[in-house]
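**Student:** any chance you can model this:
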Amino acid sequence: MTTNYAGIVRAEGHAKVQIGDIHNYGSDTSNLLSLPTAHEAAFDSYAEQHNARCHRGTRAELLCEIRVWADNPHGESIFWLNGMAGTGKSTISRTVAKAFADDGLLGASFFFKRGEGDRGKATLFFPTIANQLVRKIPALAPSVREAIDADPGVAGKALRDQFEKLILQPLSRVHHAIAIMIVVDALDECDGDNDVKAIISLLAQAKALRSARLRIFITSRPELPIRLGFKNVQGKYQDLALHQTPELIVERDISAFLGHELARIRNEYNSQALEGLELPLDWPGEYVIRNLAQIAVPLFIFAATVCRFVEDPAWSDPAAQLEKALQYQTKTHDSELDKLDATYLPVLNQLTADRTNPQRSRLLAQFRDVVGPIILLAQPLSVSSLA
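**Tutor:** Model prediction:
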């Protein structure tokens, strides 16, 4: 049985809030267009559209834990998922954001990306979140409009002023009981250590809200400024270290990912291959998938890079490409550096294959001239700058 009261949908005793149902029909959001925002920061923006989400059946335990946290009315307001590079944090963020958007619970999302203009700094973080919240919950518009009218430059003020006037105060005036999810990905890619710590401190104030039950899902690497930021808000967040997930679970999920992707590559290749040159229907086989997964653990990025390498039609057929990648499985993989070698050396070595010594020397010199300065830069270049 399902009942609906004040925007709260209850199904079989479980409360599910559709934030889009909370309206103030006298609200006018038109003048909020003057609020500057980072347009490509949302999980469903044009810039994010081709980025991966979790394959069905993978990360099941983790996604269930996140759902339980979000649904718990007495839980902490922040869930911090941390993990080293390549462990799949952003993929999980996109999956979480999409799931809660489908349920009508996602209020806003912000995917930081270092070097990508407004996505790489805190300047427009709170204005962007506020803008998205108003579009999802029009009843917030009068309070946000009032803040902008009182101070047209509020979006350029200190982070505390932005948060309190554009987000905290409007949410505190909501009279209906609503649950709102905000997803913040890659907080470690936000420039400015003090800004990062300030964002954590301010978001932790969400626990004090009464009618609006705000839940904030944050991912990042466990870098010092972020660890210090969370240390200052002890007791106000739940955390999970992704790189500490049991190895068997990670291996299982990576195996599932590889099985799905390599099957897709096989089917697409066979649909275009000449008769008699198709890959076997059981290619590449469970043994190969298991070996690749064991090499990859805990780096999902290894598995994703291998699949892109195998799929690249510019070089050879998938079977030949996979053989090249497998040549590196006999080497030791005791350290994360070894895993990075196994991830990228097949790609780099392919560039010098079948070249004469003079050609190889010129290519390596050009590579050093381009890649060397990039490595030495204090701040990474954006994709557009690299292009």
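**Student:** from now on I want contacts and neighbour counts done on CA atoms only, so please keep to that.
**Tutor:** Will do.
**Student:** now the strands for the stretch 201-350 of the chain?
**Tutor:** 212-220, 237-241 (DSSP state E, counting those that start in this stretch).
**Student:** out of these, which comes closest to Pro373?
**Tutor:** Proximity to Pro373 (C-alpha to C-alpha) singles out strand 212-220 among these, at 26.1 Å.
**Student:** quick revisit: of the strands of the stretch 201-350 of the chain, flag the one that's most buried.
**Tutor:** When those are scored by mean count of other C-alpha atoms under 10 Å, the highest mean neighbour count falls to strand 212-220 (a mean of 24).
**Student:** pull the distance from that one to the chain's centre.
**Tutor:** Between the centre of strand 212-220 and the centre of its chain there are 14 Å (C-alpha atoms, centre = their mean, to the nearest Å).
**Student:** that one pairs with which strands, and in what direction?
**Tutor:** Each strand that strand 212-220 pairs with, and the sense of that pairing, follows from DSSP bridges: strand 78-82 (parallel), strand 178-185 (parallel).
**Student:** buried stuff in the last one?
**Tutor:** Using 16 or more other C-alpha atoms under 10 Å as the test for burial, strand 178-185 gives 178-185.
**Student:** re the thing from before, and of the strands of the stretch 201-350 of the chain, who's closest to Gln327?
**Tutor:** Gln327 lies closest, by C-alpha to C-alpha, to one member of the strands of the stretch 201-350 of the chain: strand 237-241, at 31.7 Å.
**Student:** for the record, mean pLDDT for that closest one?
**Tutor:** Strand 237-241 shows an average pLDDT of 97 in the prediction.
**Student:** show me the strands paired with it, marking each as parallel or antiparallel.
**Tutor:** Taking DSSP bridges as the criterion, strand 237-241 sits next to strand 78-82 (parallel) in its sheet.
**Student:** could you pull out the helices for the stretch 151-300 of the chain?
**Tutor:** For the stretch 151-300 of the chain, helices defined by DSSP state H, counting those that start in this stretch occupy the ranges 159-163, 169-172, 193-203, 224-231, 247-270, 286-296, 300-311.
**Student:** contacts for the longest one?
**Tutor:** In this case it means helix 247-270. Taking contacts as C-alpha atoms under 8 Å, 6 or more residues apart in numbering, the residues outside helix 247-270 that touch it are 55, 57-59, 277-279, 281, 283-284, 289-290, 292-294, 296-298, 300, 303, 307, 311, 318.
**Student:** how about a cut-off of 7 Å?
**Tutor:** Outside of helix 247-270, the residues that reach it under the criterion C-alpha atoms under 7 Å, 6 or more residues apart in numbering are 55, 58-59, 278-279, 289-290, 293-294, 297-298, 300, 303, 307, 311.
**Student:** which of the residues you listed tops the neighbour count?
**Tutor:** Pro298 (27 neighbours; other C-alpha atoms under 10 Å).
**Student:** let me know the closest of the buried residues of strand 178-185 to Gly88.
**Tutor:** The closest of those to Gly88 turns out to be Asp185 (C-alpha to C-alpha; 11.2 Å).
**Student:** report the contact partners of that closest one.
**Tutor:** The contact partners of Asp185, by C-alpha under 7 Å, 6+ apart, come to 90, 93, 110-112, 218-220.
**Student:** show me what it is bridged to.
**Tutor:** The partner residues for Asp185, given DSSP bridges, come to Phe111.
**Student:** what strand or helix carries the residue most central in space within the chain?
**Tutor:** Closest residue to the average C-alpha location of the chain: Ser90 at 2.2 Å, with C-alpha atoms, centre = their mean. For Ser90, the element it lies in under DSSP states H and E is helix 89-102.
**Student:** that helix to strand 178-185, inter-axis angle?
**Tutor:** Regarding helix 89-102 and strand 178-185, their directions subtend 160 degrees when assessed with axes from the mean of the first three to the mean of the last three C-alpha atoms, to 10 degrees.
**Student:** show me how far helix 89-102 is from its chain's centre.
**Tutor:** Its chain's average C-alpha position is 7 Å from that of helix 89-102, according to C-alpha atoms, centre = their mean.
**Student:** likewise stretch 102-111?
**Tutor:** On the basis of C-alpha atoms, centre = their mean, the separation between the geometric centre of stretch 102-111 and that of its chain is 13 Å.
**Student:** do stretch 191-204 as well
**Tutor:** The offset between the C-alpha centroid of stretch 191-204 and the centroid of the whole chain comes to 18 Å, using C-alpha atoms, centre = their mean.
**Student:** cool, stretch 357-373 as well?
**Tutor:** Using C-alpha atoms, centre = their mean, we find the averaged C-alpha position of stretch 357-373 to lie 34 Å away from the chain's own average C-alpha position.
**Student:** name the residues that touch that stretch?
**Tutor:** Outside stretch 357-373, the residues that touch it by C-alpha under 7 Å, 6+ apart are Thr352.
**Student:** buried residues, it. List them.
**Tutor:** Residues of stretch 357-373 classed as buried under the neighbour-count rule (16+ other C-alpha under 10 Å) do not occur.
**Student:** quick one on the thing from earlier: right, so of the strands paired with strand 212-220, which gets closest to Leu124?
**Tutor:** Using C-alpha to C-alpha as the criterion, the shortest distance between Leu124 and the strands paired with strand 212-220 is 13.2 Å, found for strand 178-185.
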